[in-house]
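Visitor: A predicted structure for the sequence below; I have some questions about it.
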Amino acid sequence: MANFLKSLLPARFRSDKIIVPVVRLQGAISAAGGSPLRQGLSFASAVPLLEKAFSIKSAPAIAIAVNSPGGSPVQSRQIFQRIRALADEKDKSVIIFCEDVTASGGYMIAIAGDEIYADPCSIVGSIGVLYAGFGFTEAIDKLGIERRLYTAGENKATLDPFQPVKEDDVERLKSLQLEIHDVFKTMVRERREGKLSDDPELFSGAFWTGHSALSRGLIDGLGDVRSVMREKYGDKVRLKLISASGGLFGRRISPFRNDLSKAGAGFAGGLVQTVEERLLWQRFGL
């Protein structure tokens, strides 16, 4: 009789069903979080999904699938910190799954997990700091363009792409990169304590397949969300994908935002951002 009454309850109320929320964090990481042409990843876009997942009280763990070539170290670290804060506050395990690429800032997010899994063909690692830009000095000379730049502060025009490279600017940039790199390395050592190999290339910015990342201690195992969750919680585990609510691309859209000039500017900026993101992905052959 008890089993019969239990069968009448909706699945979410049955004690034999274990629900594990799944959050997908995908895209290049930037403060903008994306463009009208391509959705990206930022602290602002990730937090609503994370908080929604951690709010499911019955869930024993949160699964987070990460697919990102990296980007802003600040946004990456903030997402990492929020995941850990929610895990401690809600007393839940966090299990990370690396998809195509979990590199650089993507890997900084991944180490928020209590366990990290990847596909054997996933690209994992790239623990380093990158700055990329362009130089246009010869181009504007050929076009007969005169560059006019007025600043207050001798370092205000640091790394201006329309001026020749200055060694002092490069040294200043390298100093900043080393500081950020040290923060990244400290985070990895703390979160992967006792698991990392002695590979001298571990913090060189190199990256590996999931299979090789496992031997270096960057991840804990090979597998996908479904197989790992079934192994941990049994065949009756139910994966619940957490999605953004709202309008187009998961964002709320106001019916009053019809300014075409703003829309045009947004798409123009989006083109540049799309190119930059494409370059990030291409570093890993994708």
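Guide: That came through, no problem.

Visitor: residues contacting stretch 182-190, please?
Guide: With contacts defined as CB atoms under 8 Å, 6 or more residues apart in numbering, stretch 182-190 is touched by Pro73, Arg77, Phe80, Tyr107, Met108, Ile111, Ile127, Gly128, Val129, Leu196, Phe203. Backbone N, C-alpha and C define where each C-beta goes, glycine included.

Visitor: confirm the last one sits in a helix?
Guide: No. Counting by DSSP: H, G, I helix; E, B strand; the rest coil, Phe203 is not found in a helix; it is coil.

Visitor: tell me how far it lies from Gly27.
Guide: 25 Å (CB to CB, to the nearest Å).

Visitor: hmm, back to that, in helices, which of the contacts of stretch 182-190 fall?
Guide: The helices, defined by DSSP state H, take in Pro73, Arg77, Phe80, Tyr107, Met108 from the contacts of stretch 182-190.

Visitor: how close does the second one get to Ile116?
Guide: Counting by CB to CB, the gap between Arg77 and Ile116 amounts to 17 Å.

Visitor: between these two, who's got more neighbours?
Guide: Neighbours were counted for Arg77 and for Ile116 using other CB atoms under 10 Å; Ile116 has more, 29 against 19.

Visitor: so the closest residue to Asn67 other than its chain neighbours, which state does it fall into?
Guide: Nearest residue to Asn67 in three dimensions, chain neighbours excluded: Glu99, at 3.7 Å (CB to CB, 6 or more residues apart in numbering). Secondary structure, three-state DSSP: Glu99 is strand.

Visitor: mind listing what's buried in stretch 49-68?
Guide: Buried residues in stretch 49-68, counted by 16 or more other CB atoms under 10 Å: 49-50, 53-54, 56, 59, 61-68.

Visitor: ok, the residues you listed vs Glu89, which is closest?
Guide: For the buried residues of stretch 49-68, the residue nearest Glu89 by CB to CB is Phe54; the value is 7.7 Å.

Visitor: could you list every residue that touches that closest one?
Guide: By CB under 8 Å, 6+ apart, Phe54 lies in contact with Pro21, Ile62, Leu86, Ala87, Glu89, Lys90, Lys92.

Visitor: by neighbour count, which of the residues you listed wins?
Guide: Sorting the contacts of Phe54 by how many neighbours each has (other CB under 10 Å) puts Ile62 first, at 25 neighbours.

Visitor: ok, the one helix or strand that residue maps to: who's next to it in the sheet?
Guide: Taking DSSP states H and E as the criterion, Ile62 maps to strand 61-68. Paired neighbours of strand 61-68 in the sheet (DSSP bridges): strand 18-26 (parallel), strand 93-103 (parallel).

Visitor: any idea how far Arg216 is from Ser72?
Guide: According to CB to CB, Ser72 and Arg216 sit 25 Å apart.

Visitor: one more: Ser104?
Guide: Applying CB to CB to Ser104 and Arg216 gives a distance of 16 Å.

Visitor: mind checking which of these two has more residues around it?
Guide: Neighbour count, other CB under 10 Å: between Ser104 and Arg216, Ser104 has more, with 28 against 19.

Visitor: from what I can see that one touches Gly71, true?
Guide: Yes. Ser104 is in contact with Gly71 according to CB atoms under 8 Å; the separation is 7.5 Å.

Visitor: just so I have it, where are all the strands in the stretch 151-286 of the chain?
Guide: Taking DSSP state E, counting those that start in this stretch to define them, one finds strands in the stretch 151-286 of the chain at 207-209, 221-222, 237-242.
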